[in-house]
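[1] requesting a structural model of the entry that follows:
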Amino acid sequence: MKKKVLFVCVENSCRSQIAEGFARALGKDIIEAFSAGSRASGKISEAAIEMMKETGIDISSQSSKSLAELPSVSWDTLITMGCGDACPALPAKKRLDWNLPDPKNLPPDEFREIRDEIRRRIENLIKELS
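    Residues are numbered from 1 along each chain as shown. All right, here's what the predicted structure looks like:
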């Protein structure tokens, strides 16, 4: 049975969308990935879409959603991504905080560094959950 993993950042436009994209692509047999924002912007960052295209992953069909729009499920793992005081207190068997800076206004090289760090963390998560 796949593990239900939720990635949460503030706007659900960049970090958590990237994490969801990597989790769906790299962990498709292990992870059922979701993402949401504590204050969702309602749109995915164009920069995030473009940066993920560089990796061969298309996240343009994902959507930015609020915590209220999530299905009512029992989360195996909840990963917050630098949402600070706005991080949710949703029930989960395991909680992690990946305190990563929001790359949305960073130059492309710095954005790629954060994207690649998220990928590394997703790869490690997949190994842990396998």
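
[2] mind telling me what element the nearest residue to residue 2 once chain neighbours are set aside is part of?
    Using C-beta to C-beta, 6 or more residues apart in numbering and skipping the chain neighbours, the partner closest in space to residue 2 is residue 32 (4.3 Å). The C-beta positions use only the backbone N, C-alpha and C, and glycine is treated the same way. Element membership for residue 32 (DSSP states H and E) is strand 31-37.

[3] okay, now the sheet partners of the lowest-mean-pLDDT helix or strand in the chain, with direction.
    Ranked by mean pLDDT, DSSP states H and E, the weakest helix or strand in the chain is strand 92-97, scoring a mean of 91. Taking DSSP bridges as the criterion, strand 92-97 forms sheet pairs with strand 75-80 (parallel).

[4] what angle do strand 31-37 and the partner strand make with each other?
    Interaxial angle of strand 75-80 relative to strand 31-37 (axes from the mean of the first three to the mean of the last three C-alpha atoms, to 10 degrees): 40 degrees.
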